[in-house]
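A.B. asks: Fold the following and give me the result.
(chains A and B)
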Amino acid sequence: MKTIRQADIIVGCFLALLGLFIVYAASNIRIGVERALSPRFFPSVLGYTILVCGAGLALKSWRFKGEDPAIQWPDRQGLRTIVACLALLSAYIFLMKPLGLPIVTFLYVTANIWYLRPEKKSVAILSGIALGIISYVVFIHYLQLSFPVGFLLERLGLEG
Amino acid sequence: MSFSFDHLFQGFVTALSLQNLMWALIGCFIGTLVGVLPGIGPASGIAILLPLTTVLPPTSAIIMMAAIYYGAMYGGSTTAIVVNIPGEASSVPTAIDGYEMAKQGRAGPALAICAISSFVAGTLGLIGLTFFAPLLADVAVVFGPPEYFALMFMALTLIISLSGRALLKGVISMAIGLTTSLIGQDPLTGAARLTFGFPQLLAGVDFISVIVGLFAISEVMINVESRISAISQKIGNWMPTWADIKQSFPAMVRSSGIGFFLGLLPGVTPSVTTFVAYDVEKRMSKTPERFGKGAIEGVAAPEGANNATSTAGFVPLFSFGIPTAPSMAVLLGGLMMYGLQPGPMLFKENPEFVWAIIASMYIGNIMLIILNLPLVGMWARICVIPFYILGPMIVFFSVLGTYSVRFLAFDVWVMTLFGVIGYFMRKFGYPIAPMVLAAVVTQMMETSLGQSMLMSQGSLLILLKRPISAVFMILAFLSIGRGIWIQMRTKAPEIAIEETD
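C.D. replies: Numbering: from 1, shown residues only, chains lettered A, B, ... in the order given. Next comes the predicted model:
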């Protein structure tokens, strides 16, 4: 998908299919007690809206013949950075429960800054330590929010 | 229910309590910070912090949230002037003359005029809010479910039709926002809707995850890929001269009026009014050739309009319960989280709450001018924090805010998913605002439509039979018609006006 027109055709077709799927899913909603507004009404209307607009967008773009702006995609390095940042975020979410918020925050922030600027290792480590401590002191200890503490801190008796 | 000085006085008594003053100050500080920092705007800032405020009483929490919102309007111009990076579309006109002033070594006076203009417009806007909101709430008392449904429908159509040349994309964005909010159990029958067999979806998709993903995470992705680097401008003397103030004061007052009255309409966000105000000033100027070359009115006008519009957004929020912009939608969600239903009954049933918020905004405006004028150099330095530090910090706070709504890792996954969706929406030119607003008002729309149909024994014609709802529905269809007309006349692909918050 290099241009807006190409993207509109492909995404429009995808949205039309999504709309169709929503209409199908809406038809399977259990109605139960008779009501003035069926629980199927809104999902069905929205499914049809997405179907019609998606198809309309694809058709309109397919017939479009004018100047077609290019999509500003990142270069190879930019793409690698986005994928790496998303992978780090996924690891952050995965490891939050077993390792606990403070430790996983330290690891995530350090790793992410380290990846983005490898020459700033000390900034990465200090930022990680600072945010890890803030997450524990402010959010777990002071505000008493139920964030996971993790087995390591539990063993140390730091349970908030 | 109309305006009374007693209510306002009571509001000041509540807002001036030590606790509320402290939260207003914290909100103003965070708001300015959110405005100054690139990659995070008021909607995502409020959405991230909203769940964390559950430890506060509702009045203090909303005072802080509101302060973050209007505080962000003060800080938004800093990056535009200092490093020529408008953090949001509304700062683009400020950057035109502001950055020129900075290049001439007058970044300090430009930032100071921004703060003064924001203060003047914010205060004038607040006077408007104080008198208009109760008046409109009086009108809204006669509204029944059909009028509410029609009003929300009209608000959504206006927002779509104003999202640039992208009508179909606007409708799709709104429909996906509405559909996302329908996921989960039907509030009346308990039937599972659009859960596709996933038990995690039975509890629904929280709107905070959607908003934080769409705004904060996607913004981080955009900034990470472009590896923005800031060039710091030296801030010398920040004091504007009397001549600067004299020259820009009429622009401040005019732009306050433009920003406030246009800002009462749903969908007319600061990104629209700032351009209008800039254009009006240029047309009214005896020396329009100075615009674009560092004219101080060119800085004062968009900043004034920006603040007046954001204050005006509280009028429909408090009187009708209608959000006019994504940040207002998040605030509406915050009010609902605390069991408060904005609308005419808010003035009747919780006058101490609503007047305390309004009074706190007067106080907040004074706090902000104090925070912004002498500390202008500090804010200018903060805005050049490198993104390799800022990005992970934004993600950290986003995860924290999203997780703390229901303490479910699932919500953080949803946030990530919507971050990716938001990234592609920006790339493909889809407007984000309709999706955010729809995600927040779905429940209210469905409930009011259900009640309307109960009143009419299942006939949708009730929406056209009652005069007020009929007017709203006609306006809604006219706005759709206008959008279609613009689409047909424009020989260009669908691309929404660039927006962040």
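
A.B. asks: neighbouring contacts of stretch A:151-160?
C.D. replies: Outside stretch A:151-160, the residues that touch it by Cβ atoms under 8 Å, 6 or more residues apart in numbering or on different chains are A:98, A:99, A:100, A:102, A:103, A:136, A:140, A:141, A:144, A:147, A:149. Any C-beta I mention is one placed from the backbone N, CA and C, and that applies to glycine too.

A.B. asks: any idea which of those residues is least confident?
C.D. replies: Lowest model confidence among the contacts of stretch A:151-160 falls on residue A:144, which carries 81.

A.B. asks: Check the secondary structure at it for me.
C.D. replies: In three-state terms, and counting by DSSP: H, G, I helix; E, B strand; the rest coil, residue A:144 is coil.

A.B. asks: Neighbours of the residue of the stretch 1-150 of chain B found nearest chain A, how many?
C.D. replies: Nearest residue of the stretch 1-150 of chain B to chain A: residue B:55, at 5.5 Å (Cβ to the nearest Cβ). Other residues near residue B:55 come to 11 when the count uses other Cβ atoms under 10 Å in any protein chain shown.

A.B. asks: unless I'm mixing things up, it is touching residue A:143, no?
C.D. replies: Yes - here residue B:55 reaches residue A:143: they are 5.5 Å apart, a contact under Cβ atoms under 8 Å.

A.B. asks: If we ignore the residues flanking it in sequence, what's nearest residue 11?
C.D. replies: As the question left the chain open, I've gone with chain A. Nearest residue to residue A:11, sequence neighbours excluded (Cβ to Cβ, 6 or more residues apart in numbering or on different chains): residue B:428, at 6.1 Å.

A.B. asks: meant chain B actually
C.D. replies: residue B:355 (3.0 Å).

A.B. asks: I'd like the distance from the one you found to residue A:1, if you could.
C.D. replies: Between residue B:355 and residue A:1 the distance is 52 Å, computed by Cβ to Cβ, to the nearest Å.

A.B. asks: Neighbour count: those two, which is higher?
C.D. replies: residue B:355 (26 against 15).

A.B. asks: tell me which element that one is part of?
C.D. replies: Using DSSP states H and E, residue B:355 sits in helix B:351-372.

A.B. asks: Can you name every helix or strand that that helix contacts?
C.D. replies: Applying 3 or more Cβ pairs under 8 Å, 6 or more residues apart in numbering or on different chains; DSSP states H and E, one finds that helix B:351-372 contacts helix B:5-15, helix B:18-36, helix B:58-75, helix B:107-140, helix B:314-320, helix B:344-349.

A.B. asks: Let me see the mean pLDDT of whatever helix or strand comes next after the fourth one.
C.D. replies: Translated: helix B:107-140. Moving toward the C-terminus from helix B:107-140, the next helix or strand (DSSP H and E) is helix B:145-161. Regarding helix B:145-161, the rounded mean pLDDT is 85.

A.B. asks: Do any residues in helix B:145-161 lie close to chain A?
C.D. replies: No - counting by Cβ under 8 Å from any Cβ of the partner chain, chain A is not contacted by helix B:145-161; separation bottoms out at 10.6 Å.

A.B. asks: Could you list the contact residues of the stretch 401-501 of chain B toward chain A?
C.D. replies: Within the stretch 401-501 of chain B, the residues that sit near chain A (Cβ under 8 Å from any Cβ) are B:403-404, B:407, B:409, B:412-413, B:416, B:420, B:423, B:427-429, B:442, B:446, B:449-450, B:453-454, B:457-458, B:491-495.

A.B. asks: Let's see that with 7 Å instead.
C.D. replies: B:403-404, B:407, B:409, B:412-413, B:416, B:427-429, B:446, B:449-450, B:453-454, B:458, B:491-495 (Cβ under 7 Å from any Cβ of the partner chain).

A.B. asks: which of the residues you listed are buried?
C.D. replies: By neighbour count, with 16 or more other Cβ atoms under 10 Å in any protein chain shown, these hold B:403-404, B:409, B:412-413, B:416, B:427-429, B:446, B:449-450, B:453, B:493-495 as buried.

A.B. asks: Show me which of those residues is closest to residue B:471.
C.D. replies: Proximity to residue B:471 was ranked across these by Cβ to Cβ; first place goes to residue B:449, at 17.6 Å.

A.B. asks: What separation do you get for residue A:143 and residue A:66?
C.D. replies: Using Cβ to Cβ, residue A:143 is found at 55 Å from residue A:66.

A.B. asks: So for those two, which residue has more residues nearby?
C.D. replies: Neighbour count, other Cβ under 10 Å: between residue A:143 and residue A:66, residue A:143 has more, with 15 against 9.

A.B. asks: Who are the contact partners of the more buried one?
C.D. replies: Shown in contact with residue A:143 (Cβ atoms under 7 Å, 6 or more residues apart in numbering or on different chains): B:52, B:55.

A.B. asks: Could you check the pLDDT of it?
C.D. replies: pLDDT for residue A:143: 79.

A.B. asks: swap in the one 10 residues further on?
C.D. replies: As summarised for this prediction, residue A:153 has a pLDDT of 80.

A.B. asks: for residue B:234, same thing?
C.D. replies: For residue B:234, the pLDDT comes out at 56.

A.B. asks: Perfect, I'm done here.
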